[in-house]
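[1] I'd like to go over a predicted model; first the sequence, then the structure.
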Amino acid sequence: MQNEAILTMRGIVKQFPGTMALNDVDFTLRRGEIHALMGENGAGKSTLIKVLTGVYEKDDGAIWVEGGEAEAHIHSPQDAQNIGISTVYQEITLCPNLTVAENMFIGRTDGEVVHWREYEKRATAILENLGIPARAKQQLGSCSLAVQQMVAIGRAVDMQCKVLILDEPTSSLDDKEVAMLFKLMRELKARGVGIIFVTHFLEQVYEVCDRITVLRNGRLVGEYAIEELPQVELVAKMMGKDLNDLASLDQIGMKSAGTDEVVYQAEALSSSDSRPFDFRIRKGEVNGFTGLLGSGRSESVRAIFGADRVTGGKVRVKGKDVKITNPREAMKNGIGYLPEDRKRDGIIADLSVRENIILALQVMKGFFHPMTKAQMRQFADEYIEALQIKTASQDTLIKSLSGGNQQKVILARWLLTHPDYLILDEPTRGIDVGTKLEIQKLVLKLAKENMSVTFISSEIEEMLRTCSRLIVMRDRKIVGELTGEQLTQSYVMKTIAGGEQ
Amino acid sequence: MNGANNKRTRGREPLTDAQLLMTISIGIFVVMYALAMIFLGGGFLKVQQIFDLLNDNAALIIIACALTVVMIGGGINISVGGVISLTCMACAIFLNAHTGGLSIPLSVLLALGIGLGFGLMMGFLVSYLEIQPFIVSLAGMFLARGLTTMLSVNPVKVAHEGFLALVKAKIKIPWLGYVAQNGNLIPAKLEIGALIAICVVILMALMLRYMRFGRNIYALGGNRQSALMLGINIKSTCFWSYVLSGLLSGLAGYVFLMHKPAGNASVAMRSEMDAIAASIIGGTLLTGGVGNVIGTFFGVMILATIQKIIALSPLNASWWQEMASGAMLGFFIILQSVVLANRGKRRKNN
C-alpha cells in the first residue's frame, strides 16, 4: 500500500438551519486503500459524502484531489464524476429495464447514434476484467442486487474514477454476495483506487478495511489504522464514551423490575425483516433493546407489534396463546407501539392535536362506534394536562408543535388506549433534554402503575437509567441479556462490540 | 447468480421484458388472424383485408406510436385525438380557401405546425414546470376540441380537387391482388396514409433502438432518479418526447383527412383511448421504461381485427365490439402482470 493521498478534505463545515451537520471535519484517503467511514445516526457520514459528491455545497473548508495543488470545486454530482469521484449507493441508481452494457455507457457517450456492438464488446471486457458474473446483453433487472451493484462499480471504474464511494452497499446483500463484493473491492484496491466504505456492519469493516475514520455529532473523532483500534474501542468512539470513563458513571432513579407475572411472551418470533428471536416481559417491567443502528432492534419490536409481515413463531399474551399479525390485533391484545420515525409513522401532520390523540382509541373501538365530540375534548384536555403538552389549543395542527411535544402527543395517543404493554422505539430522538427527562420519568411512573414497557434508545445512559433488563443485539441476532450488575456502560458496549475485546 | 449462468456468454440471451411482451402480442395477432381465416374465410383470405385494416387505421397507428414514445418515458398524452380533429378541421378550411399550387404542401405544414405547437406547449408544462402529464394533456385535449368547434360548428367537406385526387390515389400491387368472380384481376390497394403510417412505425422503431434520444427515453421511464444520476438530461429528454408526440399527432390528423376528407368536431372521438389500449396490448407498460412501437403496431392490428371479425359475424353490434376490445385489454394486462411477476419470482430464486 502506498501512502500517497488521493483525496484530502480539510476543515469541512456544513450548517443546516438549527444544526451544525459538519464542524471542522478532516478526511484523507490514500491510493489503494479501503477506508471505513463510521458513526452513529446523525454523526455526519452522509453529509460528508454529499459534500464530496456535490449534492450539498460546503460552507467552509477545502478539498484536494490526487494531492493536487489546486483546490477542487465540486458543485454537482457531474463535477464530482468529472474529477474522478464516483458513488455507488445502497439503492441501485441504474435502470433495471436496460441491458447491463447499456447501463454502463448510457449518459456518457458522444454522438446521436448508439453503437450496440461496441457497447457490448467493451462491457464484456469490463465484466471479464473485474470478474463480475453478468452478461453484457442481459437485462439489468434480471441480475441479483449484488451484481447490479457491481455493474454500477464497473461503470464507475470505466469512468477512470480514482475515488470510489460505497454508501452502505451491503445492507441488502446476503453473505455470499457480500463476499463477491469484497473480492471486487480488493481487486480495485490493488489497482490503486481509493475506496470510501460506509457501513454499519462492524465485522465487515474489520474484514476489508485498512483505516477507519470515526465521526460523531458532526465532529471528527479520529482516524485510525484498523489494527490499532479494537472493535470495542470503535464502538466506544462511535458512541462517544471513553472506556475508562464508562465504569464510573452511575445509574440514577428507581428502576422497576416488575412482578413475576409474564405479560407477553414470544418464542422464535420472526418477520419479513427480522430473524427468529425469543422474548418475554413481566408485568411492570421496563426492558430495552440495544445495539448499533441496523442491528435489528427496531425490526424486532416491529415484529412484536405485527407492523412487519410476521412469518412465524408462537406468542402468548397474559398466558393465552394469541396470533398477532397486524397492529390492530396487537392493540386488541393490549400492546401499544410508538414508532421510531415520528414524522413518517407517528404523527398525522395535517390533523389537530386532539385528532392525533384519540386516533388509536378510535381504531380500537372501530369506526362504527364514534366517540362524541365532548368525549374527545375531555380526553384531549386530560392528556394535554397530564403530559404537559405545550400547544395553543387542542385544535392546533400537530405539525406546528415542536418535536418533543409531537412525541408527547403520540405518547398520549397510546396511553389513552390503556395498554398493558407499551413499546417505545426511540421516543427521545431529536427532542430537547428537558422533554427527554420527562419522558424517562414517565416511563418509570408507568411501570410503577404496573404497565410493562420496552424502551429503545441510541443513548445508552438513558437505557441504563430506565431499564432493569437490556437485550443486546448485533447483526440481527440477540447476543446478550443483561441484568443487575451487568448494567454498566462498559459492559453493554463490550457486549455490543462482541467477540475479541 | 451461479457459475453455469455466467458461462452463457455466447449463447442466446433470454428475452428482455419488452421483447417478451411484444412477442406475446404478435403471437396473439397471428393466432387471431389465422382463426378468422379458418372460420370466417372470405375477406380474411385476401391480402386486401390486411391492407384495409391499415387503410382504415393509419391515423390510429401513428397516434399510437406517438403515445408509445411518451409512455415509454413514463408519461401520457391524451390530447392526440383532439389534435387530429383540430388539424382535420384547420386543413379542411385552409384547403377550401386556397387552391394554388402550393396549397397542399402548405396544408401539410399547417398540420405539422399545429401538432408541433401542442407538443411544445405540453412538453414545456410537463418537463419544466413539472405538472402531471395526465392533467396537461387533458387540458390539451379540451383546448384542441374547443378550437375545432370554434373554427366551425358544422362539418366542412374538402372541395380542393388536388387534395381529393390525393385521397383517391392508391398504391396498386397486382401480385398481391386476387381474381374476382368475373375473371378480372383486382390488385391490392394501399392508401398513401397507410404507407406513411408504416414509415412512421419503422422510423420510430429505429429511433427508439439506435438513437441516443430513444435510449434516454427508456432510461427516463425505467427510473427517473437513476437516469439523472447516470448523467442524462431528463428534462430535455422528457420535453422532446412530448414535442415528437405532438408532431406525430399533427401528421396523424393529415393522414386522417386523406382517408375521410372532411373536418368535423366529432372526428377521432375517443381515438386517444384506442391508442392507449393499442400501446398496452402491444406491450407498453403504463409505468414506463418498457415498450416498443412494433408491438404497438400489432396492438392496433389486434383491435382492428376484433372490430372486423365482429362486423362480419352475426354479432354485429357496436357493444359487442367494445366488450371484445375491453376483454382483450383486460386479458392482456393480466397476462402482462402474470408474466412479469413470474419473471420476478425466478429472479429472486436465482
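    Nice, I can see it.

[2] nearest spatial neighbour of the closest residue to chain B within the stretch 201-350 of chain A, chain-adjacent residues omitted?
    Nearest residue of the stretch 201-350 of chain A to chain B (C-beta to the nearest C-beta) works out as residue A:272 at 13.3 Å. Yep, even glycine has a C-beta here, placed from its N, CA and C like the rest. Excluding the flanking residues, the one nearest residue A:272 by C-beta to C-beta, 6 or more residues apart in numbering or on different chains is residue A:309, at 4.2 Å.

[3] what is the burial count for the one you found?
    Residue A:309: 12 surrounding residues under other C-beta atoms under 10 Å in any protein chain shown.

[4] and it, what does it touch?
    Residue A:309 is in contact with A:271-272, A:325, counting by C-beta atoms under 8 Å, 6 or more residues apart in numbering or on different chains.

[5] could you rerun that using 10 Å?
    The contact partners of residue A:309, taken as C-beta atoms under 10 Å, 6 or more residues apart in numbering or on different chains, are A:270-273, A:303, A:325-326.

[6] and it, backbone torsions?
    With angles defined as degrees, to the nearest 10, residue A:309 sits at phi -70, psi 120.

[7] got it, and residue A:479?
    phi -110, psi 0.

[8] got a pLDDT number for it?
    Per-residue pLDDT puts residue A:479 at 88.

[9] now do the contacts for it.
    Residue A:479 is in contact with A:291, A:295, A:471-473, A:495-499, counting by C-beta under 10 Å, 6+ apart.

[10] just the element for the nearest residue to residue A:370 once chain neighbours are set aside, please.
    Nearest residue to residue A:370 in three dimensions, chain neighbours excluded: residue A:362, at 7.4 Å (C-beta to C-beta, 6+ apart). Using DSSP states H and E, residue A:362 sits within helix A:353-365.

[11] can you give me the buried ones in that helix?
    Going by neighbour count (16 or more other C-beta atoms under 10 Å in any protein chain shown), the buried part of helix A:353-365 is A:353-362, A:364.

[12] and it, what does it pack onto?
    Counting contacts by 3 or more C-beta pairs under 10 Å, 6 or more residues apart in numbering or on different chains; DSSP states H and E, helix A:353-365 packs against helix A:327-332, helix A:373-386, helix A:403-415.

[13] after the shortest one, which helix or strand is next?
    Meaning helix A:327-332. Following helix A:327-332 in sequence order, the next helix or strand is strand A:335-338 (DSSP H and E).

[14] cool, and the last one?
    Stepping forward along the backbone from helix A:403-415, the first helix or strand reached (DSSP H and E) is strand A:421-425.

[15] centre of the chain to that following strand, how far?
    Averaging C-alpha positions (C-alpha atoms, centre = their mean, to the nearest Å) puts strand A:421-425 19 Å from its chain's average.

[16] average model confidence for that strand?
    What strand A:421-425 shows for mean pLDDT is 92.

[17] angle of that strand against helix A:403-415?
    160 degrees (axes from the mean of the first three to the mean of the last three C-alpha atoms, to 10 degrees).

[18] direction included, what does strand A:421-425 pair up with?
    The pairing partners recorded for strand A:421-425 under DSSP bridges are strand A:335-338 (parallel), strand A:452-456 (parallel).

[19] so residue B:52 sits against residue B:46, correct?
    Yes: counting by C-beta atoms under 10 Å, residue B:52 does reach residue B:46; the two are 9.0 Å apart.

[20] who's in contact with residue 111?
    Just going to use chain A. By C-beta under 10 Å, 6+ apart, the residues touching residue A:111 are B:211-212.

[21] wrong chain, I was asking about chain B
    Residue B:111 is in contact with B:83-84, B:86-88, B:90-91, B:94, B:247, B:249-257, counting by C-beta under 10 Å, 6+ apart.

[22] returning to what we had before: and the pLDDT at the residue nearest to residue A:370?
    87.

[23] what does residue B:8 give?
    At residue B:8, pLDDT is 45.

[24] one more: residue A:448?
    87.

[25] I'd say it and residue A:284 touch.
    Yes: counting by C-beta under 10 Å, residue A:448 does reach residue A:284; the two are 7.2 Å apart.

[26] which one of the two has more residues nearby?
    Taking neighbours as other C-beta under 10 Å, residue A:448 and residue A:284 compare with residue A:284 leading, 21 against 11.

[27] and the more buried one, that's in a strand?
    No: counting by DSSP: H, G, I helix; E, B strand; the rest coil, residue A:284 is not found in a strand; it is coil.

[28] tell me the secondary structure for residue B:215?
    helix.

[29] wait, doesn't it sit right on residue A:102?
    Yes: here residue B:215 reaches residue A:102: they are 6.6 Å apart, a contact under C-beta under 10 Å.

[30] just for chain A, where's the confidence low?
    Where chain A drops to pLDDT under 70, the residues are A:1-3, A:18, A:41-42, A:67-69, A:172, A:241-258, A:430, A:432-434, A:499-501.

[31] relative to its centroid, which residue of it is most remote?
    Largest separation from the mean C-alpha position in chain A: residue A:113, at 43.8 Å (C-alpha atoms, centre = their mean).

[32] any idea how far it lies from residue A:381?
    The gap separating residue A:113 from residue A:381 is 72 Å, by C-beta to C-beta, to the nearest Å.

[33] list the contacts of the closest residue to chain B within the stretch 401-501 of chain A.
    Nearest to chain B, among the residues of the stretch 401-501 of chain A, is residue A:476, at 19.7 Å (C-beta to the nearest C-beta). Residues near residue A:476 by C-beta under 10 Å, 6+ apart: A:273-275, A:277, A:291, A:294-297, A:299-300.

[34] so which pair among those is furthest apart in space?
    The most widely separated members of those are A:277 and A:294, with 15.7 Å between them, by C-beta to C-beta.

[35] checking the residue lying closest to residue B:259 once chain neighbours are set aside next. Helix, strand or coil?
    The shortest distance from residue B:259 to any non-neighbouring residue, by C-beta to C-beta, 6+ apart, is to residue B:193 (5.4 Å). The local conformation at residue B:193, judged by three-state DSSP, is helix.

[36] the contacts of residue A:309 in helices, which ones?
    residue A:303 (DSSP state H).

[37] compare the contacts of residue A:309 and tell me which is most surrounded.
    Result: residue A:303 is most packed of the contacts of residue A:309 (other C-beta under 10 Å), 29 neighbours.

[38] contact partners for that one?
    A:266, A:269-277, A:279, A:296, A:309-313, A:315, A:324.

[39] centroid residue for the chain?
    I went with chain A, as the question did not name one. The centroid of chain A falls nearest to residue A:293 when counting by C-alpha atoms, centre = their mean (4.5 Å).

[40] nope, chain B
    Centre-nearest of chain B using C-alpha atoms, centre = their mean is residue B:64, 1.9 Å out.

[41] confirm that one sits in a strand?
    No: applying three-state DSSP, one finds residue B:64 to be helix, outside a strand.

[42] so it sits right up against residue B:271, yeah?
    Yes: counting by C-beta under 10 Å, residue B:64 does reach residue B:271; the two are 9.1 Å apart.

[43] what is the burial count for residue B:154?
    When neighbours are counted by other C-beta under 10 Å, residue B:154 comes out with 9.

[44] hmm, residue B:265 and it touching each other?
    Yes: Residue B:154 is in contact with residue B:265 according to C-beta under 10 Å; the separation is 8.6 Å.
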